[in-house]
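1. Show me the folded form of this:
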Amino acid sequence: MKCPSCGHTNPEDAAFCGKCGSSLDPVMTCSRCGRNNPVGTKFCHGCGQALVEATPAPETPPSLTPEPAATHPTSFAGARYEVKRFLGVGGKKRVYLVRDTRLDREVAFALIKTEGLDAEGLLRIRREAQAMARLGDHPHVVSVFDIGEENGTPYLVSQFMVGGDVQELIKKAEGHRVALAQVLKIANEICQALEHAHKHGIVHRDLKPGNVWLTADGTAKLGDFGLAVVKDKSRLTQEGMMVGTVSYMPPEQAMGAQVAPSADLYSLGAMLYEMVAGRPPFVGDDSVAIITQHLNTPPVAPSWHNPDLPPSLEALILRLLEKDPSKRPASASEVRAILGSIDISSRPAPTSAQTPRENPLYRRIFVGRERELKQAQAIFDQALSGQGALSMVVGEPGIGKTAVCEQLATYVALRGGRTLAGC
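-> Numbers count the residues shown, from 1 in each chain. Next up is the predicted model:
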């Protein structure tokens with residue numbers, strides 16, 4: 001018998017795959033309650049939901065990376081959660097598809113990674129998990145069913161999202177640009193989730209395409225509230241620690257300032273920019289380069305990448321990406337009201353040959369001074385360790401002195417230093 005999940009050939013009398021542990025008994029999973037029903041069932045035995053759109057045993061969520069064959073637990077929480085199969089590992093968690101034997105439904109069981117965290121960091125994770133649970137049942141928030149510890153490791157039991165995430169949606173879209181009608185639908189639903197969270201005093205702090213999940217019918221739900229925990233003040237000491245989040249990180253959060261709901265709106269703008277343009281608003285070779293642009297560089301108009309973008313939607317995205325939080329929309333409710341007024345059938349007026357649009361290639365982009373920047377960063381690191389020195393950045397006009405200093409100032413701030421500027 002061939003496993004539908006991994007393709008491994010098993011004996012004819014096998015009930016579970018000997019390689020990945022998946023059930024070999026084909027079922028139809030209800031998108032509403034998660035209950036498994038025999039193939040051919042038209043309505044769920046648990047809640048009566050029509051199963052015409054239900055899918056057979058779910059695939060691994062796109063944002064999780066499968067691991068090589070290894071020995072995995074067979075159950076958690078005193079055998080309440082029976083492991084059906086290992087889904088994959090992400091930046092913050094290891095996720096299993098399990099069956100809740102008490103409620104007879106399939107759910108996602110996430111073991112939160114705690115390597116490198118002290119007692120305060122562990123307490124922060126537990127508080128964040130409780131915050132997710134406190135949000136309760138909302139149609140656009142991934143439902144949290146249980147929280148606890150397994151051998152001292154925090155875990156989170158949540159709704160299993162069979163539709164994948166928006167990150168995969170962007171990846172599969174033609175030109176990596178999502179259809180405008182779907183962009184507006186997802187944006188509206190995530191705004192509803194943010195309204196609910198902000199009303200309960202919770203700021204997400206890590207809104208990005210990989211944290212927006214889709215149900216089988218395409219309904220968007222926001223998940224992973226606050227699980228991106230900064231481990232120490234020197235956030236650039238661990239290679240790649242901020243990769244995957246800096247593209248959507250508001251300037252005030254990157255600088256370690258206290259964040260407000262407006263920070264989530266900036267991240268929403270960055271996500272919408274990518275959905276319509278096919279790329280994030282800022283790209284770079286490392287975290288410092290991207291954060292520097294968040295702090296100092298206006299984004300290229302998304303219509304440069306997508307000429308069919310309605311002007312009203314472009315205006316909203318650019319307003320969400322304002323560096324100054326006070327210049328962004330006042331709330332997720334205001335954003336949702338603007339979204340409701342956008343007409344996707346409207347198109348920008350054609351530009352004349354006499355007034356060409358600005359080419360982003362001629363904007364100030366940091367390039368060609370990587371060696372000098374590394375030298376400047378090394379000098380600061382020496383000063384931080386007590387080996388101070390006087391260094392000067394000199395050269396002819398237009399060769400990149402200001403760009404090097406801006407990049408260095410970002411690096412200094414991220415390492416806990418202070419930059420003074422004057423004339």
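2. and residue 126, what is it in contact with?
-> Taking C-beta atoms under 8 Å, 6 or more residues apart in numbering as the definition of contact, the neighbours of residue 126 are 147, 154. To be clear about C-beta, it is placed using only N, CA and C from the backbone, and glycine gets the same treatment.
3. Roughly how far does it sit from residue 419?
-> Note on residue 126: its distance to residue 419, by C-beta to C-beta, to the nearest Å, is 36 Å.
4. on contacts alone, who are the packing partners of the one helix or strand residue 195 maps to?
-> Using DSSP states H and E, residue 195 sits in helix 180-199. Judged by 3 or more C-beta pairs under 8 Å, 6 or more residues apart in numbering; DSSP states H and E, helix 180-199 is in contact with strand 220-222, helix 261-277, helix 311-320, helix 332-341.
5. buried residues in that helix?
-> Of the residues in helix 180-199, those buried under the neighbour-count criterion (16 or more other C-beta atoms under 10 Å) are 180, 183-187, 189-198.
6. Tell me which of the helices and strands packed on helix 180-199 sits nearest to residue 379.
-> Counting by C-beta to C-beta, residue 379 lies closest to helix 261-277 out of those; the figure is 32.0 Å.
7. In PDB, could you pull the C-alpha coordinates for that closest one?
-> Output in PDB follows, covering the C-alpha atoms of helix 261-277 (Å, rounded to 0.1, in the frame of the first residue of the first chain):
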ATOM      1  CA  PRO A 261      -0.900  49.200  16.900                       C
ATOM      2  CA  SER A 262       0.500  51.500  14.200                       C
ATOM      3  CA  ALA A 263       3.500  49.200  13.900                       C
ATOM      4  CA  ASP A 264       1.200  46.400  12.700                       C
ATOM      5  CA  LEU A 265      -0.300  48.700  10.100                       C
ATOM      6  CA  TYR A 266       3.200  49.400   8.700                       C
ATOM      7  CA  SER A 267       3.800  45.600   8.500                       C
ATOM      8  CA  LEU A 268       0.400  45.300   6.800                       C
ATOM      9  CA  GLY A 269       1.500  47.900   4.200                       C
ATOM     10  CA  ALA A 270       4.800  46.000   3.500                       C
ATOM     11  CA  MET A 271       2.800  42.800   3.000                       C
ATOM     12  CA  LEU A 272       0.300  44.500   0.700                       C
ATOM     13  CA  TYR A 273       3.200  46.000  -1.200                       C
ATOM     14  CA  GLU A 274       4.700  42.600  -1.900                       C
ATOM     15  CA  MET A 275       1.300  41.100  -2.800                       C
ATOM     16  CA  VAL A 276       0.700  43.700  -5.500                       C
ATOM     17  CA  ALA A 277       4.300  44.400  -6.600                       C
END
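8. That one vs helix 332-341, what angle?
-> Using axes from the mean of the first three to the mean of the last three C-alpha atoms, to 10 degrees, the direction of helix 261-277 lies 30 degrees away from that of helix 332-341.
9. In this structure residue 325 contacts residue 263, no?
-> Yes - using C-beta atoms under 8 Å, residue 325 is in contact with residue 263, at 7.2 Å.
10. Look at these two and report which has more neighbours.
-> It is residue 263, of residue 325 and residue 263, that has more neighbours when counted by other C-beta atoms under 10 Å, with 22 against 17.
11. need the contact list for the more buried one.
-> Going by C-beta under 8 Å, 6+ apart, residue 263 touches 203, 205, 250, 252, 253, 325.
12. Tell me how this protein divides into domains.
-> The record's domain parsing of the chain by automatic domain parsing lists 1-57, 69-158, 166-350, 370-414.
13. between those domains, which gets the lowest average pLDDT?
-> In terms of average pLDDT, domain 1-57 trails the rest of these, at a mean of 62.
14. who does the host helix or strand of residue 111 pair up with?
-> Mapping residue 111 onto the secondary structure by DSSP H and E places it in strand 105-112. According to DSSP bridges, strand 105-112 forms sheet pairs with strand 93-100 (antiparallel), strand 153-158 (antiparallel).
15. Going C-terminal from that strand, what's the next secondary structure element?
-> Scanning forward in sequence from strand 105-112, with DSSP H and E defining helices and strands, the next element found is helix 119-134.
16. Now do the helix or strand just after that following helix against helix 119-134: the angle between them, please.
-> Next in sequence after helix 119-134, counting helices and strands by DSSP H and E, comes strand 144-150. On the basis of the same axes, to 10 degrees, strand 144-150 is oriented at 160 degrees to helix 119-134.
17. Give me the buried positions along strand 144-150.
-> Neighbour counts over strand 144-150 (16+ other C-beta under 10 Å) mark 144, 145, 146, 147, 150 as buried.
18. for stretch 369-381, same thing?
-> When neighbours are counted by 16+ other C-beta under 10 Å, the buried residues of stretch 369-381 are found to be 369, 372, 373, 376, 377, 379, 380.
19. And stretch 160-179, by the same measure?
-> Using 16+ other C-beta under 10 Å as the test for burial, stretch 160-179 gives 160-170, 177-178.
20. Widest-spaced pair of the residues you listed?
-> Every pair in the buried residues of stretch 160-179 was compared (C-beta to C-beta); the two farthest apart turn out to be 160 and 177, at 28.2 Å.
21. still on that earlier bit, which neighbours do residue 325 and residue 263 share?
-> Here residue 325 and residue 263 have 250, 252 as joint contacts, going by C-beta under 8 Å, 6+ apart.
22. So which of the strands paired with strand 105-112 is nearest residue 398?
-> strand 93-100 (47.7 Å).
23. contact partners of that closest one?
-> Under the contact criterion C-beta under 8 Å, 6+ apart, strand 93-100 has outside partners 58, 61, 64, 72-73, 75-76, 80-89, 105-113, 145, 156-157, 160, 227.
24. What separation is there between residue 246 and residue 404?
-> Distance check for residue 246 against residue 404: by C-beta to C-beta, it reads 20 Å.
25. Among the contacts of residue 263, which ones are in helices?
-> Of the positions in the contacts of residue 263, 252, 253 sit in helices, assigned by DSSP state H.
26. neighbour-wise, which of the contacts of residue 263 leads?
-> Of all those, residue 250 has the most neighbours under the rule other C-beta under 10 Å, reaching 27 neighbours.
27. ok, now which ones touch the closest residue in space to it that isn't next to it in sequence?
-> Using C-beta to C-beta, 6 or more residues apart in numbering and skipping residues adjacent in sequence, the residue nearest residue 250 is residue 266, 3.7 Å away. When contacts are counted by C-beta under 8 Å, 6+ apart, residue 266 is found next to 250, 251, 320, 321, 322, 325, 328.
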